[in-house]
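Enquirer: dropping a prediction and its sequence here:
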Amino acid sequence: MSLGTIHYGKESIRYHVLYCSRKTLAIEVHPDSSVVIKAPKATSLDEIQLKVSKRARWVIKQLQYFHQFEPRTPERCFIGGETHLYLGKQFRLKVSEAGKDSVKLLRGYFVVETSTSAHPDKVRLLLERWYGEKAASIFQESFEGCWRHFEPLGLARPQMKIRRMKKRWGSLSSNGQLTLNTDLIRAPKECIEYVITHELCHLQCHDHSGDFYSLLEKMMPDWEKRKHKLELALV
């Protein structure tokens, strides 16, 4: 990965270039304000610079959009009293020692009981394990509901995988594997469905062309509303 910078008026755009096996060049602006250029392996730096310059106005607009949500949610410490999200709702954390490890949702609280120590690292482990278990079932349920809209297209049904990702909510590999970010379980269910539908559209349209957005609009007419809700919920 290499770095680059261009200037647009009084603004500077700093971007990372990721060379990979693809045919077209893509520009991604992430909620953490990072700008990533995904380029075919043979692309020259001059070509990339020209592409970013042409899209500079759009990049600045995206960065300004994400900046409006700052300051972001502070990093969680996994101590009693702080709040944690689940399916778009806030739950306050209660931690105590008990006979066995458990995590429960009770009357607006995450109740975490530990059999050994109430140390934040142990609480984090228990809570993340709980999130992972919930994600496995809820993501599968959401996938089944979304896939029904794609079945008539005659596309190969993808395999689903769940793991933590730093910069993406979901991805679809060239061999048809759908990967979802475990942290997406913190978002409202309608946002989970949006991410799944977005990635499933890539089965037919591999880039973000006009055809891609036409298909997304057909499959989920309110996708923009859901996308905006996701960005507000998990910045």
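Expert: Looks like it came in fine.
Enquirer: which one in the chain is furthest away from the centre?
Expert: G99 (36.2 Å; Cα atoms, centre = their mean).
Enquirer: need phi/psi at that one.
Expert: According to degrees, to the nearest 10, the main-chain angles of G99 amount to phi -70, psi -20.
Enquirer: now it: how far from I27?
Expert: 54 Å (Cβ to Cβ, to the nearest Å). All C-beta spots, glycine's among them, are computed from the backbone N, C-alpha and C.
Enquirer: in this protein, spot the helix with the most residues.
Expert: Longest helix in the chain by number of residues (criterion: DSSP state H): helix 120-150.
Enquirer: give the contact list for M220.
Expert: E193, Y194, T197, R226 (Cβ atoms under 8 Å, 6 or more residues apart in numbering).
Enquirer: surely H208 meets T24?
Expert: No. H208 is beyond contact range of T24, at 9.7 Å (criterion: Cβ atoms under 8 Å).
Enquirer: got the contact list for the spatially most central residue of the chain?
Expert: Centroid-nearest residue in the chain: W169, 1.8 Å away (criterion: Cα atoms, centre = their mean). Applying Cβ under 8 Å, 6+ apart to W169 gives the contacts L180, N181, D183, L184, V195, L230.
Enquirer: kindly report the same for S102.
Expert: So S102 contacts V111, V112, E113, L126 (Cβ under 8 Å, 6+ apart).
Enquirer: report the separation between it and S117.
Expert: Going from S102 to S117 by Cβ to Cβ gives 15 Å.
Enquirer: how about Q64?
Expert: 45 Å.
Enquirer: hang on, the earlier thing: which of the contacts of W169 fall within helices?
Expert: In this view, the contacts of W169 that belong to helices under DSSP H are V195, L230.
Enquirer: for the contacts of W169, work out which two are farthest apart.
Expert: The largest separation in these, counting by Cβ to Cβ, is between L180 and L230 at 12.6 Å.
Enquirer: what do these two both touch?
Expert: W169, V195.
Enquirer: and the two? which has more neighbours close in?
Expert: More crowded of L180 and L230, by other Cβ atoms under 10 Å: L180, with 25 against 21.
Enquirer: tell me where this structure has helices.
Expert: Under DSSP H, the chain gives helices at 45-54, 56-67, 120-150, 189-201, 210-219, 223-233.
Enquirer: give me whichever of the ones you listed is most buried.
Expert: helix 189-201 (a mean of 23; mean count of other Cβ atoms under 10 Å).
Enquirer: quick one: work out the angle between that one and helix 223-233.
Expert: 120 degrees (axes from the mean of the first three to the mean of the last three Cα atoms, to 10 degrees).
Enquirer: show me how the record splits this structure into domains.
Expert: 2-67, 124-233 (automatic domain parsing).
Enquirer: low-scoring stretches of the chain, by residue?
Expert: Applying pLDDT under 70 to the chain flags the ranges 1, 68-74, 235.
Enquirer: surely the residue farthest from the centre of the chain and T116 touch.
Expert: No. Judged on Cβ under 8 Å, G99 makes no contact with T116 at a distance of 10.9 Å.
Enquirer: now do the shared contacts for those two.
Expert: Here G99 and T116 have no joint contacts, going by Cβ under 8 Å, 6+ apart.
Enquirer: one step back: out of the helices of the chain, which comes closest to N175?
Expert: Nearest to N175, of the helices of the chain and by Cβ to Cβ, is helix 189-201 at 13.7 Å.
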